[in-house]
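**Q** build the 3D model from these lines:
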Amino acid sequence: KRQYQRRVHGVRSEDAARGLREAGARHVVIATENDDLPAKVAQVTGGGLVRLALDALGGRSAMQLIESLSLGGSMVSYAGLAKDSVTLSTELLYQKGISLMGFRLDWWEQAMAPEALTSMWDTLFQLAVEGKLRPPVEKEYDLREGALAVIDALRDHRNGKVLLCM
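**A** Reported below is the predicted structural model:
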């Protein structure tokens, strides 16, 4: 949020959209598999395209995010919740000069210099202390309900973290 002033958040449900808006998101698009995601992105951006897309779904949704990228834009894929492959038009790659990349936190952390990693975590912790970084919480469980918390945490399509409270 600090580096990208105009961001579009794509979600599948009104509950997820509400959570993002409560966290400060201004441009939220609710899109189902059959929606025209590029048209919805254009609507919330006033006809503009985006420089960065973050994809957790894969499949058709990822392709539509790629279509919403501006010249030289990038898409980072960090999950594959849709379980479908991304079918990519090479024409989009060379006409728009876009970049596609995958992201796994553990690989990224291993590649970082130790000082840079420490600095990043220090920044994130400071933002959390200041209340500027607050992950959404779906449900809190008493420690005695640990088994239920684990079951809930493993459930797909949550809208936040599952916490154990002591």
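
**Q** residue with max distance from the center of the chain?
**A** Computed with CA atoms, centre = their mean, the residue of the chain farthest from its C-alpha average is residue 144, at 32.0 Å.

**Q** that one should be in a helix, yeah?
**A** Yes - counting by DSSP: H, G, I helix; E, B strand; the rest coil, residue 144 falls inside a helix.

**Q** the bottom helix or strand of this structure by mean pLDDT?
**A** None of the helices or strands of the chain scores lower by mean pLDDT, DSSP states H and E than strand 8-11, at a mean of 75.

**Q** helices and strands around that one, which ones?
**A** The helices and strands touching strand 8-11, judged by 3 or more CB pairs under 8 Å, 6 or more residues apart in numbering; DSSP states H and E, are helix 14-22, strand 27-30, helix 37-44. Using the backbone N, CA and C atoms, a C-beta is placed for each residue, glycine as well.

**Q** can you give me the helices in this protein?
**A** Ranges of helices within the chain are 14-22, 37-44, 59-67, 90-96, 105-111, 114-129, 146-153, based on DSSP state H.

**Q** contacts for the least confident helix or strand of the chain next, please.
**A** Outside strand 8-11, the residues within contact range by CB atoms under 8 Å, 6 or more residues apart in numbering are 17, 20, 25, 27-31, 37, 40-41, 44-45, 50, 61, 65, 68.

**Q** just checking: what are the partner strands of that strand?
**A** Here strand 8-11 has these sheet partners by DSSP bridges: strand 27-30 (parallel).

**Q** how much space separates the residue sitting nearest the centre point of the chain from residue 139?
**A** Computing the C-alpha centroid of the chain and ranking residues by CA atoms, centre = their mean puts residue 54 first, at 5.1 Å. Distance, residue 54 to residue 139, by CB to CB, to the nearest Å: 25 Å.
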